[in-house]
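Asker: Please work out how this folds:
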Amino acid sequence: MPDRPTPVETLDRITADALTLHRALRTNATNHTHALTERITEAQALAGTALQLFRDLAQPTPQAASADLQLLDRVAQITKAAQDAGAELTAALARALENQLRRDDVSSGPVVLIGPSPQQFIESATDLLDRIPTLYRRIYRDQVAFPDTRTCCSPRACHRGTDALAQDDLGLAT
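Answerer: The predicted model follows:
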């Protein structure tokens, strides 16, 4: 049985997966229910991984240090962003189906569509996914020590791959 990934490796994977999902939402057609359902599944898996990381890091201790609380806060924000992105994508799917039903019910004349369009929900999801690499960089900028005693002083020094990917995808490369 393979060893369980460290919190650092898990955070790297969460960030890479968020960037991949972000890219897929920006570049792939999500107007088909099957494609949108796949993106929802990916967002929910991302949220599940982030929540598991939070759970792993939130070991009960009598007195949590400020740095530990800051790390937990960042991971909780990552988890929330992933969960909210999944919810926005689910709303996009529901709205797309609702709009299709409205179109099918109208025999002639204009179709009245109400509320945000599916694309607006998808754009909201991509905005939420944008937060994950930013939070990732904040964790390392703050030089957080992970509970497994592995520290990472800088994404540029020891996690260049994921940080470079995040910066390139979000147009932040220096």
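Asker: Let me see the mean pLDDT of stretch 50-59.
Answerer: Averaged across stretch 50-59, pLDDT comes to 92.
Asker: That one: which residues count as buried?
Answerer: A50, L51, L53, F54, D56, L57, A58 (16 or more other C-beta atoms under 10 Å). Every residue, glycine included, has its C-beta placed from N, CA and C.
Asker: Convert it to CSV, retaining C-alpha atoms only.
Answerer: This file holds the C-alpha atoms of stretch 50-59, laid out as CSV (Å, rounded to 0.1, in the frame of the first residue of the first chain):
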residue,chain,number,x,y,z
ALA,A,50,-9.3,20.0,0.4
LEU,A,51,-11.7,19.0,3.2
GLN,A,52,-9.7,15.9,3.9
LEU,A,53,-6.5,18.0,4.1
PHE,A,54,-8.3,20.3,6.6
ARG,A,55,-9.4,17.4,8.6
ASP,A,56,-5.8,15.9,8.7
LEU,A,57,-4.3,19.3,9.8
ALA,A,58,-7.0,20.0,12.4
GLN,A,59,-5.8,17.5,14.9
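Asker: sorry, back to before: okay, the buried residues of stretch 50-59 in TSV with distance to N28 next?
Answerer: As requested, the buried residues of stretch 50-59 are exported to TSV (distance: C-beta to C-beta, whole Å):
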residue	distance to N28
A50	23
L51	26
L53	27
F54	29
D56	32
L57	33
A58	35
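Asker: TSV for those residues, including secondary structure?
Answerer: Below are the buried residues of stretch 50-59 laid out as TSV (DSSP: H, G, I helix; E, B strand; the rest coil):
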residue	secondary structure
A50	helix
L51	helix
L53	helix
F54	helix
D56	helix
L57	helix
A58	coil
